[in-house]
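S.K.: After the sequence you'll find the predicted model.
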Amino acid sequence: MAYALVALGFVLALNAAGAVNFAHGDLVVLGGAVAVAAGTWTGLPGAALLPLVAAALAIAGVAAARVAILPLATRPPEATFVATIALAAVIEQGMTVEMGTAPRTAPALAGSGSFALA
């Protein structure tokens, strides 16, 4: 289900901007980082974090569009490709600097977050 939503977002961004957004996957990962950070700071369960994560990604998406995509709307698509690749690099490196390289987990959406197969 999650992959289908990511693919849908990718296609919508492609059709809206007319160019591939190479930072799309990094924005999805940024959502996970927001969930981890917000869960750590607030102690809220995963389901309660969803509106916060959605709002944070809406702001990040609008900022990404205004910085990397919309100013280049009249340029050839290659300019948008390069800009979104640069945006992806900024997001990746920013998360690495801020959160480090150790794996982290967000709070579970429901239950304990694990299950056992009998």
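M.R.: Thanks, I have the structure now.
S.K.: Would you mark the buried spots in the helix ranked longest in the chain?
M.R.: Secondary structure of the chain read by DSSP state H shows that its longest helix is helix 77-99. Neighbour-count burial for helix 77-99, counted by 16 or more other C-beta atoms under 10 Å, picks out 79, 80, 83, 84, 85, 87, 88, 91, 95. C-betas here are computed from N, CA, C, even on glycine.
S.K.: quick one: which of those residues is nearest residue 108?
M.R.: For the buried residues of helix 77-99, the residue nearest residue 108 by C-beta to C-beta is residue 95; the value is 21.4 Å.
S.K.: What residues does the closest one make contact with?
M.R.: Contacts of residue 95 were listed using C-beta atoms under 8 Å, 6 or more residues apart in numbering, and they are 29, 30, 33.
S.K.: which element follows the helix or strand harbouring the second one toward the C-terminus?
M.R.: Residue 30 is part of helix 24-42, with elements assigned from DSSP states H and E. From helix 24-42 onward toward the C-terminus, using DSSP H and E, the following helix or strand is helix 46-64.
S.K.: same for that following helix, what does it pack against?
M.R.: On a contact count with 3 or more C-beta pairs under 8 Å, 6 or more residues apart in numbering; DSSP states H and E, helix 46-64 meets helix 24-42.
S.K.: on that earlier part again, can I get the contacts of residue 95 in a markdown table with distance to residue 106?
M.R.: Listed next are these as a markdown table, based on distance: C-beta to C-beta, whole Å:
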| residue | distance to residue 106 |
| --- | --- |
| 29 | 12 |
| 30 | 12 |
| 33 | 9 |
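S.K.: Among the residues you listed, which one has the most neighbours?
M.R.: When neighbours are counted by other C-beta atoms under 10 Å, residue 30 leads these with 21 neighbours.
S.K.: From residue 21, how far off is it?
M.R.: In this view, residue 30 and residue 21 are 13 Å apart by C-beta to C-beta, to the nearest Å.
S.K.: do residue 10 as well
M.R.: 7 Å.
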